[in-house]
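Engineer: give the three-dimensional model of this entry:
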Amino acid sequence: MTSMPIDNDDPSGQEGALDQQAPTQNQHSIPTFSNWLEVISFLLRSKHGLLLTGLLIIVVGTVMSLTLYFMRPEQIEVTTKAGTFTLKRGNKQDAIILLSPVGGDENTPWVSTGIQVKSKDKVKITASGRVHTSLNKLIEAVQTDAPNSGWVGPIGSMRQHERPKDRSKDKLLSDKNDAYYGYGMLLAAVRDSKNGQVKPEDIVPVKDGHNFEVKTDGELVLTVNDIWLSPESQDTYAPPLKSGIGVDDENFRYYLEKAQNQAILNGEDSNSWSEKKRLEKVKEQYTRRLKNWSKISRNKNWNAWYEDNIGAFTVSVTVSK
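Structural biologist: As a prediction, this is how the structure comes out:
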């Protein structure tokens, strides 16, 4: 019996192999999408495209509406007090405040926020921005091309930049227990709802962030640390010159610096001044300062140094019951 030769070019089970290689007519690839536009485009090309697209829009809109409904604040307030924008929800209220460093009005350094708090409330404050507590010095620095470090954030000025140092005790929040509270530092307090006063011991140094518990019912008020003048502030505004004064005296150096800056504006070389000339210039500055104080005292312009401030802080406040 003769055997038939095997054709190696015709593999056995060829029909089965072809069945495995050929895709079935009912097999479909799963579409993938990289953005919502591709999803909508796919739906519109489908058999019921408009209907499916409409249903998708309704579902998404419903989900967003429910989310906004349950997250909504119960009350939104916009007040002119310190430019306060307040959201209230349940036992919590959040506020964003644009604080100018010029004080409340001619009678108080404290700026009303319109935020009412009660004893035991928890308050969280954060802040950013920059202020300058002497527009006069800033202008003087620009005119004389002198470096000026007066711009500060909510933490306030540094101790080494303070002159004269005797003024420190007259700041709204004065230094105590070796703690330094610089000019321009953000401060907070609660104005008592009964007497409308702020107790000095209740002033809170916020700086750029602080949490505290309210001690009394009232309104949250804010300001920056500076000196609020009074009828007793003559020596603060015009530091007195001592007998036998010289460059070793801090008040002498204070007035001499003012005289030297004025000389630059006048095109005068202060380096050529004799000791006698320097003393004359210092006394001129002191006399001018006393005249300015007489005007402030006569007009009761006790907010003179707050009116000299510029810049702003953005303050975020959260009050929890």
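
Engineer: domain-wise, how is the chain divided?
Structural biologist: Segmentation of the chain into domains, based on automatic domain parsing, reads 75-228+307-320, 234-299.

Engineer: export those to JSON lines and tack on mean neighbour count, mean pLDDT and distance to residue 58?
Structural biologist: From N, CA and C alone the C-beta is placed, and that goes for glycine too. JSON lines is the format used below for the domains of the chain (neighbours: other C-beta atoms under 10 Å; pLDDT from 0 to 100; distance: least, C-beta to C-beta, whole Å):
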{"stretch": "domain 75-228+307-320", "mean neighbour count": "17", "mean pLDDT": "88", "distance to residue 58": "28"}
{"stretch": "domain 234-299", "mean neighbour count": "15", "mean pLDDT": "89", "distance to residue 58": "68"}
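
Engineer: can you list those domains in a markdown table and add distance to residue 59?
Structural biologist: Putting these into a markdown table (distance: least, C-beta to C-beta, whole Å) gives the following:
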| stretch | distance to residue 59 |
| --- | --- |
| domain 75-228+307-320 | 27 |
| domain 234-299 | 68 |
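
Engineer: tell me which of those domains sits nearest to residue 61.
Structural biologist: Shortest separation from residue 61 across these is recorded for domain 75-228+307-320, at 22.6 Å, computed as C-beta to C-beta.

Engineer: roughly how far is that closest one from the heart of the chain?
Structural biologist: Distance of domain 75-228+307-320 from its chain centroid, counting by C-alpha atoms, centre = their mean, to the nearest Å, is 10 Å.

Engineer: next helix or strand past whichever helix or strand residue 211 is part of?
Structural biologist: With secondary structure defined by DSSP states H and E, residue 211 is part of strand 209-213. Note on strand 209-213: by DSSP H and E, the next helix or strand toward the C-terminus is strand 218-224.

Engineer: who are the packing partners of that next one?
Structural biologist: Using 3 or more C-beta pairs under 8 Å, 6 or more residues apart in numbering; DSSP states H and E as the contact definition, the elements that strand 218-224 packs against are strand 92-99, strand 111-117, strand 186-192, strand 310-320.

Engineer: the last one pairs with which strands?
Structural biologist: For strand 310-320, the pairing partners within the sheet under DSSP bridges are strand 92-99 (antiparallel), strand 122-132 (antiparallel).

Engineer: for the ones you listed, give me TSV that also has distance to residue 112.
Structural biologist: Compiled in TSV, the strands paired with strand 310-320 are given as follows (distance: least, C-beta to C-beta, whole Å):
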stretch	distance to residue 112
strand 92-99	10
strand 122-132	15
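
Engineer: which one of these lies nearest to residue 151?
Structural biologist: Closest to residue 151 of those, according to C-beta to C-beta: strand 122-132, at 5.0 Å.

Engineer: give me the residue at the spatial middle of this structure.
Structural biologist: In the chain, the C-alpha nearest the mean C-alpha coordinate belongs to residue 128, at 2.4 Å (C-alpha atoms, centre = their mean).

Engineer: my read is that it contacts residue 153, right?
Structural biologist: Yes - in this structure, residue 128 sits in contact with residue 153. The criterion is C-beta atoms under 8 Å, and the distance is 7.2 Å.

Engineer: all helices of this structure, in order?
Structural biologist: Per DSSP state H, the chain carries helices over the ranges 14-21, 36-45, 49-71, 135-143, 234-237, 250-265, 275-299.

Engineer: joint contacts of residue 128 and residue 153?
Structural biologist: In the contact map built from C-beta atoms under 8 Å, 6 or more residues apart in numbering, the residues linked to both residue 128 and residue 153 are residue 208.

Engineer: ok, which of the domains of the chain comes nearest residue 62?
Structural biologist: Evaluated with C-beta to C-beta, the domains of the chain place domain 75-228+307-320 nearest to residue 62, the distance being 22.0 Å.
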